[in-house]
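Peer 1: Kindly return the folded structure for what I paste below:
(one chain, ligands or ions: 1)
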Amino acid sequence: MHSDIDTAPITLQPATAELRPVIEQLMELFRHDMSEFLGHLPDADGRFGFSRLPLFFDEPEREALVVQCGTAPAGFVLTRRMDEGATSISAFFVVRALRRRGVGRHVALQLLRTRPGAWGIAFQEANSGAARFWRGVATAAVGPENWHEETRPAPTSSPVNLPEDQWIFLDTSR
Ligand SMILES: CC(C)(COP(=O)(O)OP(=O)(O)OC[C@H]1O[C@@H](n2cnc3c(N)ncnc32)[C@H](O)[C@@H]1OP(=O)(O)O)[C@@H](O)C(=O)NCCC(=O)NCCS
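Peer 2: The predicted model follows:
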């Protein structure tokens, strides 16, 4: 176990090109966690992969950020601009050793507060931990009366039959 896991600073920073392999590796762990709720299987090579990941490094309206616990990668965040103008949190992941220690909440609130504006956050209701997490983050960010939820169909581009998405919308510029 990391000796400094309890004391190392948690930071969030844009993932530079050299951190791309780190995000790709952490994406495998995220996709495995999400497969419990989305039902996708690994490819024949045993990897889940995520075909849209390169877009988060190449397109100006998408971003990949890495969470660090001291010098150790501790998670990642992907964001993208939605057609309706809000920034969507497309993926959000904290490694298991650091879960239920407030790391995710710290990172999410830092992100929402340092980038004032409209945000959309999707999750699956069956992912009950994430549902409770995001409702708590939204309330902490803007107060209990200032965010709302919508249920939307999952994107139709997926080869598997995905459950519908639950979305939280909030605006941190108000
Ligand atoms: C969801 C996730 C990001 C939470 O990160 P985390 O660092 O463990 O969250 P925090 O410790 O900041 O939790 C803050 C609060 O959220 C809620 N919460 C977080 N995880 C929870 C869980 N598994 N079950 C129930 N509530 C949970 C709790 O209210 C918690 O406060 P508490 O620990 O005082 O009860 C993390 O579990 C994860 O990466 N999961 C896999 C990927 C995923 O589901 N991402 C979200 C997809 S939309």
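Peer 1: for Arg81, what are its contacts?
Peer 2: Residues counted as contacts of Arg81 (CB atoms under 8 Å, 6 or more residues apart in numbering) are 61-62, 87-88. Where C-beta positions appear, they are placed from N, C-alpha and C, glycine not excepted.
Peer 1: Out of those, the closest to the ligand would be?
Peer 2: In terms of CB to the nearest ligand atom, no member of those lies closer to the ligand than Ser88, at 10.6 Å.
Peer 1: And stretch 153-171, what's buried?
Peer 2: Neighbour counts over stretch 153-171 (16 or more other CB atoms under 10 Å) mark 162, 165-170 as buried.
Peer 1: Gln68 should be in a strand, yeah?
Peer 2: Yes: the assignment for Gln68 (DSSP: H, G, I helix; E, B strand; the rest coil) places it in a strand.
Peer 1: Isn't it up against Thr11?
Peer 2: Yes: using CB atoms under 8 Å, Gln68 is in contact with Thr11, at 4.8 Å.
Peer 1: Kindly report the residues of the chain close to the ligand.
Peer 2: Selection of the chain residues close to the ligand by CB under 6 Å from any ligand atom yields 30, 33, 92-94, 99-105, 123, 127, 129-130, 132-133, 136.
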